[in-house]
Structures are given as C-alpha cells and as structure tokens.
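A.B. asks: Model the structure of this input:
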Amino acid sequence: MPWCKEKNDFLILDCWDNFEYFKLNPRGKQLLPQVPLPVRLFGLRVEKIEQALILGKPEIAEKESSKAKNQIAGLPANSVVVLDARHELQPLEDSNFWVNLTKDKIEFLKTTWPLPPTS
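C.D. replies: The predicted structure is shown next:
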C-alpha cells in the first residue's frame, strides 16, 4: 500500500460480522471454533475415568469422578451458557449418577460434551 510501505500483512478482526453483512469474502486465515478449556478438561476427565475402569483401577475413576462432580458444582449458575445447558446438566446433579459409572453413563458424558478431534 502506498500509505504503509513497511507492512505487508494486516490482521482484521470482524467482530460484528461486517464481511457477512456486506457479502465480502476476503482471503485470509479462517479461525476454527474453539472449545472452552473447562469443557476440554471435563472431556479429558471422562476419558480418564473410562480408561481407569477399563484397566480395573476404580480408585482413579472415583477420584476423577469426584473432580468432575466438583467442576460441575463450581459452574456459575447465572451464566448464559450454563443456563442454556441446564437440561443436559440436570442428570449430573443427581448424586446417584456418579456412584456406578456404567458404559451408558460414560457414553452419555462423551456424546453430550465431546472432545474436539486431535490433529
């Protein structure tokens, strides 16, 4: 650009979806959707619980179940995201859910809060 000869690359953040509104399609990097860290941590806990049960280590599964239960209890009740997911969280609030984690319960956890694919 004649007005800026020292710089070749620019970062444009379209926070208000102006590109979509004006039907513009600029070339550049597409940002992939990100999974929030607490959701990733919860998914990893579920995987760890599943592996512990497969390997016959119920003490590890119980410890991670307790951590997952505390993580859910620590969610901010007035958060918009938590309020939107309250029907999915309801089964987890039942203390009996965590007592005997069956394959069906673990599958419910994995399908409700799936981890993103690793590349």
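A.B. asks: where exactly do the helices run in this structure?
C.D. replies: For the chain, applying DSSP state H gives helices covering 18-21, 37-54, 58-73, 80-84, 86-93, 103-112.
A.B. asks: Tell me who's in contact with the spatially most central residue of the chain.
C.D. replies: Closest to where the C-alpha atoms of the chain average out (CA atoms, centre = their mean) is residue 39, at 2.9 Å. Residues in contact with residue 39, defined by CB atoms under 8 Å, 6 or more residues apart in numbering, are residue 113. Any C-beta I mention is one placed from the backbone N, CA and C, and that applies to glycine too.
A.B. asks: From residue 88, how far off is it?
C.D. replies: 12 Å (CB to CB, to the nearest Å).
A.B. asks: Could you list the low-pLDDT ranges of this protein?
C.D. replies: By pLDDT under 70, the low-scoring segments of the chain are 1, 31, 115-119.
A.B. asks: switch the cut-off to 90
C.D. replies: For the chain, applying pLDDT under 90 flags the ranges 1-40, 69, 71-103, 109-119.
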